[in-house]
Structures are given as structure tokens and as C-alpha cells.
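Trainee: here's my sequence, what's the structure:
(chains A and B)
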Amino acid sequence: MEIITWCVTCTVLAAGTVYIVRKRRQQFEPRQCGKDYPADTVILHQFPRGPRAPSMSGFCLKLETFLRMTNIPYKNELGYKTGPKDKSPWIEYNGATMGDSQMIMEYLSEKCQVDLDKHLSDHQKALGRAIRVLAEDHMYWLVLLERWVYHRAETKAEKLTKLPSLFVWEIGRRTNNQAHAQGLGRHTQPEVERLLREDLKAISDFLGDKKFLFGDDACAVDCAVFGQLCQVMWHIPSVVTAKAYLEESLPNLKSYVERMRTAYWPDWDECVTDCFTKEATK
Amino acid sequence: MLFTYVDSTRAMSHILWKSDYKRDVVYLHVLSRTRSRGVVNISPFAIKLELFLRINGIPFQTVDCDDFSSKQQSHFVLFNGEEIADHNHIIQHVSGVFCKDPYPGYGLTERAVGRAFMKMLEENTIWPIFIYRFIEHKDEYDSYIYPDCSREEKKKIIDKLQDLFERRAIGHGISRHSSDEIQTIGCEDVKALSDFLGSKQYLLGDRPSVVDCSLFGVLSQVLYVPIGYPMRTFLLDKCPNLVNLINRLRETFWANWNEECGIQVTQF
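Mentor: Numbers count the residues shown, from 1 in each chain, chains lettered A, B, ... in the order given. A predicted model of the protein is given here:
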């Protein structure tokens, strides 16, 4: 009888957690430019500030870095509400509502007449696309597996999340299923760790002694790669071998991340919560 | 046994090493050639893997197999008594054993570039193809898959593939985009490959590498299957250098491709 009670309680708690997590990620409701938000200002909807970097999402960090790099006026609205593609980040801008960081960057580049890639040849732009996909469609999944599936206990212990354990369990369950569907979740934990180190080394080898990925001036793909590398530097637990590998064995990559941070995030300390011990003021 | 689709809850089948298998020969277990037309295999990764073995002169034998590996993939190898799953792991393993370099003669930067393009092909470019043929235009693709099955059996397989890839596309995230956006992503990937290839002999330079195998595995699925893929139209209209590379890889390293495909491949 006690076992039955325990099973029922766990099932109810788990179902409740799943419901609350889904409810929290509410969908947006359309708003009116000029009435609900100002014109000519990007309203950037993204997740709340992170523990050690401004966001635990590489895509949110990518987009905000892009806005800073291009000096496009923007205003943050932090929360868990998702946008048109049920994703975050998303934006509202002069009546348009858009999701997907890459599509947003391309849209704003056109609307605001900025071009971070104007100094690149077609050959370099092609290569930039491949490097971006390496970071955002391969390395991204490996980091998620490390953070939420293999080492979620350490993620919680190192205060990289303030969510209750059952929420962390639900995120882990979803991540595991998504990664399995995507394909990378079918590998073993040692294989995932090795793949992550190999991705970091590839980016490091490509960067070489350059200041940014394609020379002395940063471009759009630097925003993407910076966003994902910040997750390795600051938002995976120290037990993950790739973190130490980046910090100790890839000095050019570590310097690159610091260079991007210094250049585009001089107010970094005001945009982090120090493992949720303080409110971010920006 | 007919094609059994990948199901994350299904238990693994036990694959036995056969007594007449030789040592130091790669036994490449893939779907039978009779399961597809236009291309040798509906799996781009099985084609990538076999092309790599051919280019590098690694002794191998294909084995018709409807079963799945420990990673629930349709291609896997048995080699010296052990099962090795996943095309990238297999290539890494056999390269070590046979002392072959997946990036022969290329330096660190080229290898990094090769890795980036390979991940783009395998994690991004392939998805508009899967979505077009397994989900949105399965009727159009009908005559290029499982031509050896009855109409009723084929319908069950195609419906299962649709269900599988719809679920996988949700997990991947690409299904959040519209159909047009998904195909635009594919075409932009093809353009990037063409722009980077330029006038080079192979993607990275003068010698074929593992990324050329990946490119062939993925893009042969559109070039040699004449249905209305937007990526195919883009490839034929705008990327003659890529078409040339794909044809050259086939002619140089896969002379019996036509015989194995079930239909005569038109030279595009």
C-alpha cells in the first residue's frame, strides 16, 4: 500500500511539473507598435539573465551581441514567454514579430541597413555559414546533453540553475528525447564529451592567431560562435572535461571569448546574477 | 524481414559474426540496394561510408540488412568480431586500423573547415531533403523507395517513415520553420558549398577527403532522384561546379553505381 501511495505521489508530482513547465513557456500575444511598445526600437524578448554569463541560451546571447555590435537600439523584456516559432529569443520591431535568432539578424540587417559581413568574400561567407552550423547545430546539442542530461546534479549543485529538482528532471527528460530525435543523443557519454572537445579544437584551429574568426573585424558569425562558447566557458559544470580543455589547452579560443566580452559587453557584471545571488541590473 | 523503422523504445537485435567472415574486412551492413532507385541507398550516411571505403581502398563487403545498430541506425559494420555503429565512429576506427587519413595531406585549418562543412551537411542540409521526401511530398517520392515491395507494404513503410521523421524534425527544431523557410535553408547550404568549392577539384583542395564523401552522400539524394526538390533545381541551375564534383566522384570511385541503382542515372 505504501508503494502504491509513493508511486501515485511521484506520478502526480511529475505530471504537475510537466504542466507547470509547459504553462510557464506561454506563447506571445500580438501587440501594437507605438501603443504597446515604441517605434524604431527592437523589443528583445529573451530568457532571464544567467548565473555567470548574460544568458544560458547561446542564441539569446548571439542576438543581443549582434544588436550591441550594430548599435541598433533595443530594449530587453526578460521572461519565459516564447515567440512566433515557440522559441526564444524573439523580437517585436515596428509592427513585425519574429522568431529565430538567425532570421532576426538577417531581417534587422536589411531593415536597419547594417552589414556586419560586408568585408567578407562569398568564399568567407560560405565558410562562416558552416562554422555557425558547427557551433549552433552540433556543439549546442553536446552542451545541452552535458548540462541537463549527464551532469544535471552538478549543474544544480554549482548553482547554474535555481529551478527545483523536479523542473530540472523535466528539462533533462525533454532534452534527452530531443537529442535522441536529433541524433547526437544516441551516442554514449564519453563519445559526446570527445565530440565536444573536437568541436572546440576545430574552432580553435580555424581561429588560429586571428583576432576574430575572419580577421581584425568581427562579423555576424562571431556573435553566433561567441554565444555558444560562453555556454562552455560559464554554463556547464566544472566536471565536464571540455570546460577545462577550453580554458587550459585552447588559449587562443579563451582569449577570443574574452576579447568579444570586453568589446561588446563592458557591462557584463551588471548582466549576470552571480549564480542567482543578486539581481542583474541590466 | 521488411524495413523496421527506428523506434527509440525498440530493443536491439543481436547481430552475430558469421563463421565465414574474414578478418580485416569491413562488413558493411546497409539496407539492400533493392530498397531504393536513383541512389544506391536512401541513407546518405550509408553512401558516405561506402564511398570513403572505396576512395581509400579499404577491403569491404556490403551485406543486405534490415536490422539496426546499437545506436539504432540502419548502417553499421562488423569488423574483426565487433559491431561498430555510426558513420563517423566507423570512419575514425577503420582509418586508424588501415592507417588512412580522412583528410589526406590537409593541415589543421583545412581539417577544421572540413569538420564544419561536414556538420553542416549532416545536421542541417539533409533535413530539408528528409522533410520534402518523407513528409511533405511522399507521393512524389513514392517510386524511388522500396520499389521491390507491394503497394500495401510500401504504404505502411512510407506512413511509418512520415511519422518517424515528423517526430525527429520536432526534436531537431527545424519543423518550427515554414516549408518555404526549410527549403531556403537547404538552398542556402547548397550555395555555401558551391561558393566554397569554387574551382577546386574537391571541397578542400586537390585530394578527396571525408567531407567530399559526406557531400556526395547528401547531395546525391537530390541530384540523382528527379523529383521536385527545390534544392535540386537550385543545384542544377546555379551550382555547375557542385554537379561536376558529384558526378566526378561517382564516375571515379563508383563505376558500377548505375547497375546498383535500379535505373540509369542521367548525366546532369
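Trainee: and the nearest residue to B:P147 once chain neighbours are set aside, how far is that from B:Y27?
Mentor: Distance criterion Cβ to Cβ, 6 or more residues apart in numbering or on different chains; nearest residue to B:P147, sequence neighbours excluded, is B:R37 at 5.4 Å. All C-beta spots, glycine's among them, are computed from the backbone N, C-alpha and C. Per Cβ to Cβ, to the nearest Å, B:R37 is found 25 Å from B:Y27.
Trainee: how about the strands in chain A?
Mentor: Here chain A has its strands, by DSSP state E, at A:42-46, A:74-78, A:90-93, A:96-99.
Trainee: now do the stretch 51-200 of chain B
Mentor: Remark: strands assigned in the stretch 51-200 of chain B by DSSP state E, counting those that start in this stretch are B:60-64, B:76-79, B:82-85.
Trainee: mind checking how far the longest one is from the chain centre?
Mentor: To tie it back to what came earlier, the one meant is strand B:60-64. With Cα atoms, centre = their mean, to the nearest Å as the basis, strand B:60-64 stands 16 Å off its chain's centre.
Trainee: what of stretch B:143-160?
Mentor: 20 Å.
Trainee: what's the end-to-end length of that stretch?
Mentor: 16 Å (Cα to Cα, to the nearest Å).
Trainee: list the buried residues in it.
Mentor: Neighbour-count burial for stretch B:143-160, with 16 or more other Cβ atoms under 10 Å in any protein chain shown as criterion, is recorded at B:Y144, B:I145, B:Y146, B:C149, B:K154, B:I157, B:I158, B:K160.
Trainee: same check, this time on stretch A:131-145
Mentor: In stretch A:131-145, counting by 16+ other Cβ under 10 Å, buried: A:131-145.
Trainee: mind pulling the model confidence for residue 104?
Mentor: All of this refers to chain A. We have a pLDDT of 98 for A:I104.
Trainee: ah, no, chain B please
Mentor: Reading off the model, B:P104 has pLDDT 97.
Trainee: please apply the same query to A:F28.
Mentor: 76.
Trainee: on that earlier part again, between the strands of the stretch 51-200 of chain B, which gets nearest to A:T11?
Mentor: Closest of the strands of the stretch 51-200 of chain B to A:T11 is strand B:82-85, at 34.4 Å (criterion: Cβ to Cβ).
Trainee: pull up the pairing partners for that closest one, direction included.
Mentor: strand B:76-79 (antiparallel) (DSSP bridges).
Trainee: so for the strand it pairs with, mean pLDDT?
Mentor: 91.
Trainee: check stretch B:159-169 too.
Mentor: Stretch B:159-169 comes out at a mean pLDDT of 95.
Trainee: and what of stretch A:210-227?
Mentor: On average, stretch A:210-227 scores 98.
Trainee: can it be said to contact chain B?
Mentor: No: Stretch A:210-227 does not reach chain B (Cβ under 8 Å from any Cβ of the partner chain); its nearest approach is 10.4 Å.
Trainee: for A:Q27, grab the count of nearby residues.
Mentor: By the other Cβ atoms under 10 Å in any protein chain shown criterion, the neighbourhood of A:Q27 contains 9 residues.
Trainee: isn't it up against A:K85?
Mentor: No: taking contacts as Cβ atoms under 8 Å, A:Q27 lies outside contact range of A:K85: 10.3 Å.
Trainee: next one: the most centrally placed residue in chain B from chain A, what distance?
Mentor: Centroid-nearest residue in chain B: B:P44, 0.9 Å away (criterion: Cα atoms, centre = their mean). Noted for B:P44: a distance of 12 Å to chain A, by Cβ to the nearest Cβ, to the nearest Å.
Trainee: list the contacts of that residue.
Mentor: B:E122, B:I126, B:I129, B:S214, B:G217, B:V218, B:S220, B:Q221 (Cβ atoms under 8 Å, 6 or more residues apart in numbering or on different chains).
Trainee: from those residues, which is closest to chain A?
Mentor: B:E122 (8.4 Å; Cβ to the nearest Cβ).
Trainee: how many residues are close by the closest one?
Mentor: Residues near B:E122, counting by other Cβ under 10 Å: 23.
Trainee: and it, what pLDDT?
Mentor: pLDDT, B:E122: 97.
Trainee: could you do the one 4 residues further on as well?
Mentor: What the model reports for B:I126 is a pLDDT of 97.
Trainee: burial count for the residue in the stretch 151-268 of chain B that chain A sits nearest to?
Mentor: As assessed by Cβ to the nearest Cβ, chain A sits closest to B:G171 within the stretch 151-268 of chain B, at 2.5 Å. Applying other Cβ under 10 Å, we find 18 other residues in the vicinity of B:G171.
Trainee: surely it meets A:N177?
Mentor: Yes: counting by Cβ under 8 Å, A:N177 is a contact partner of B:G171 at 6.5 Å.
Trainee: and the strands of chain A: which comes nearest A:F226?
Mentor: Short answer: strand A:42-46, nearest of these by Cβ to Cβ, at 15.3 Å.
Trainee: what sits closest to the residue nearest to the centre of chain B if chain neighbours are left out?
Mentor: B:P44's closest residue in space is B:G217 (Cβ to Cβ, 6+ apart), at 3.8 Å.
Trainee: please report the distance of A:C271 from A:K282.
Mentor: 5 Å.
Trainee: neighbour count: those two, which is higher?
Mentor: A:C271 (18 against 12).
Trainee: for that one, give me the pLDDT.
Mentor: For A:C271, pLDDT reads 98.
Trainee: how about the contacts made by it?
Mentor: A:R49, A:P54, A:W265, A:A280, A:K282.
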